[in-house]
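1. Fold the following for me, if possible:
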Amino acid sequence: MRVGIRVPACDRPDRLASVAARAETLGFDEVWFPDSQLLWRDVFSVLSVTALRTERIGLGTAVTNVATRHPSVVASAARTVAELAPGRFTLGLGVGNSSVVPIGLRASTRAELREGLDQLRALLAGEEWDYGPVRSRLRDPSPSVPVHLAASGPRNLRLAGAVADGVILLSGVSPETLAAAAAQVREGAREAGRSGDVPLTVSAFCEVTDDVLASARKLKPICASIAQNGGAPFLALAGIHLRVPDRIDEVYPDIGHAEDWDRAVKVADRWVTDDDALAFARAFCLVGTAEEVAARLRETFEAGASGVFLQHVGSYDPPHDLIEAVGGDVLPRL
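-> Numbering: from 1, shown residues only. Okay, here's the model as predicted:
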């Protein structure tokens with residue numbers, strides 16, 4: 001059972017490396033850093049410093065992309081981190097939502113994601129890639145870097161099952177959602193003639209608390225963001241039926257990464273009721289006492305997850321409290 005923590009790259013790399021080192025000391029297995037060039041510091045710079053300040057903990061991107069970063073640039077950056085943390089680095093790759101939206105670009109299509117992954121794999125293996133008038137290769141490659149795809153829709157889940165070394169699920173720990181996603185991944189693997197299970201890493205918001213309702217209210221912007229970005233069918237599995245507009249201009253940069261979280265909660269009140277938020281917290285998140293969170297983690301692994309990485313609410317501060325609460329009270333129970 002791999003339990004990780006998501007740390008937004010919201011501060012100087014040396015300070016974030018200290019956060020990761022504390023997570024390592026408390027027994028976390030992995031630390032994952034998201035990539036969004038206007039929201040946070042450069043993810044590969046943060047990973048490089050963190051690699052030098054830690055010894056055991058796994059490191060990963062959750063996630064980078066091939067829309068704002070050329071695949072050859074991602075390959076070089078991934079190789080660099082892998083050299084500093086041998087056997088510890090996982091390259092998480094996605095369509096680029098929070099990287100592309102603030103600069104007016106579109107997310108990668110399924111075909112672009114597949115081509116980007118193929119190019120990454122070839123370069124990291126030391127193979128040449130055809131760039132039109134030239135064929136080039138990565139000097140000093142690192143073929144041991146596993147590439148995991150973040151996916152939520154059926155087509156990308158099947159793509160991940162067909163070609164990726166693992167899958168990052170951004171839909172939380174709902175048993176129904178996890179089962180549906182795992183079935184799509186297995187179908188993609190079967191169609192590609194792959195044998196064996198493809199590792200599934202689940203992302204979930206978490207808070208150790210006695211007041212579940214208060215914590216659930218803080219999750220309203222997350223719930224609205226999921227509905228806004230194509231996740232309404234997943235929410236419907238828990239009886240949550242939302243219609244959120246494509247654009248919400250009252251919060252910056254978007255409702256899921258709002259700088260003013262209290263305002264984002266008030267805005268989300270228009271579409272997400274307290275009952276919706278509570279259902280979301282109970283079905284998709286890990287919110288409750290330490291014993292309750294530990295029990296839900298066990299259930300998630302029993303349902304087929306290979307790993308879980310935990311998120312706190314908010315994008316612009318490190319998850320100090322979550323690391324201490326889970327490391328001190330939850331992980332010992334596992």
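2. Give the closest residue to F44 in space, chain neighbours not counted.
-> A77 (4.1 Å; Cβ to Cβ, 6 or more residues apart in numbering). For the C-beta atoms, the positions are set from N, CA and C on the backbone; glycine is no exception.
3. ok so the one you found is a helix residue?
-> Yes: assessed by DSSP: H, G, I helix; E, B strand; the rest coil, A77 belongs to a helix.
4. ok, it - how many residues close by?
-> A77 has 21 neighbours, counted by other Cβ atoms under 10 Å.
5. Got the confidence number for it?
-> At A77, the model reports a pLDDT of 98.
6. after the worst-scoring helix or strand of the chain on mean pLDDT comes which helix or strand?
-> Lowest by mean pLDDT, DSSP states H and E among the helices and strands of the chain is helix 232-236, with a mean of 87. With elements assigned by DSSP states H and E, the helix or strand that comes after helix 232-236 is helix 261-268.
7. tell me the angle of the helix or strand following that following helix relative to helix 261-268?
-> The C-terminal neighbour of helix 261-268 among helices and strands, as given by DSSP H and E, is helix 274-284. With axes from the mean of the first three to the mean of the last three Cα atoms, to 10 degrees as the basis, helix 274-284 and helix 261-268 are set at 110 degrees to each other.
8. What is helix 274-284 packed up against?
-> Contacting helix 274-284 under the criterion 3 or more Cβ pairs under 8 Å, 6 or more residues apart in numbering; DSSP states H and E are the following elements: strand 200-208, helix 212-218, helix 220-226, helix 232-236.
9. residues in contact with the spatially most central residue of the chain?
-> Centroid-nearest residue in the chain: A62, 4.0 Å away (criterion: Cα atoms, centre = their mean). The contact partners of A62, taken as Cβ atoms under 8 Å, 6 or more residues apart in numbering, are 6, 32-34, 92, 150, 168, 203, 309.
10. Narrow the residues you listed to those in helices?
-> Using DSSP state H, no member of these falls in helices.
11. Can I get the residues you listed in TSV including distance to V185?
-> Converted to TSV, the contacts of A62 look like this (distance: Cβ to Cβ, whole Å):
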residue	distance to V185
R6	21
W32	19
F33	24
P34	22
G92	15
A150	12
I168	11
S203	15
F309	17
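12. Quickly list the domain ranges of the protein.
-> 2-208+289-333, 210-286 (automatic domain parsing).
13. Tell me how many other residues surround S45.
-> So S45, with other Cβ under 10 Å, has 16 neighbours.
14. Not counting residues beside it along the chain, what's closest to it?
-> Closest residue to S45 apart from its sequence neighbours, by Cβ to Cβ, 6+ apart: P13 at 5.4 Å.
15. wait, that neighbour sits on V49?
-> Yes: if you go by Cβ atoms under 8 Å, P13 and V49 touch, sitting 3.9 Å apart.
16. Now do the strands in the chain.
-> 2-6, 30-33, 58-61, 64-65, 89-94, 129-131, 134-136, 147-151, 166-169, 200-208, 286-288, 307-311 (DSSP state E).
17. helices and strands around the fourth one, which ones?
-> Packed against strand 64-65 by the contact rule (3+ Cβ pairs under 8 Å, 6+ apart) you find strand 89-94.
18. Show me what the mean pLDDT comes to for the strand it packs on.
-> For strand 89-94, mean pLDDT rounds to 98.
19. Let me have the helices and strands packed on helix 274-284 in JSON lines, extended by distance to G314 and mean neighbour count.
-> Formatted as JSON lines, those follow (distance: least, Cβ to Cβ, whole Å; neighbours: other Cβ atoms under 10 Å):
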{"stretch": "strand 200-208", "distance to G314": "10", "mean neighbour count": "25"}
{"stretch": "helix 212-218", "distance to G314": "9", "mean neighbour count": "18"}
{"stretch": "helix 220-226", "distance to G314": "10", "mean neighbour count": "26"}
{"stretch": "helix 232-236", "distance to G314": "21", "mean neighbour count": "18"}
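20. could the ones you listed be laid out in a markdown table, adding distance to T289?
-> Formatted as a markdown table, the helices and strands packed on helix 274-284 follow (distance: least, Cβ to Cβ, whole Å):
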| stretch | distance to T289 |
| --- | --- |
| strand 200-208 | 7 |
| helix 212-218 | 9 |
| helix 220-226 | 21 |
| helix 232-236 | 25 |
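21. quick one: which of those has the weakest pLDDT on average?
-> Sorting these by mean pLDDT places helix 232-236 lowest, at a mean of 87.
22. which outside residues touch it?
-> Outside helix 232-236, the residues that touch it by Cβ under 8 Å, 6+ apart are 152, 171-172, 174, 177, 223, 226-227, 241-243, 280, 284.
23. rerun at 6 Å
-> 171, 177, 227 (Cβ atoms under 6 Å, 6 or more residues apart in numbering).
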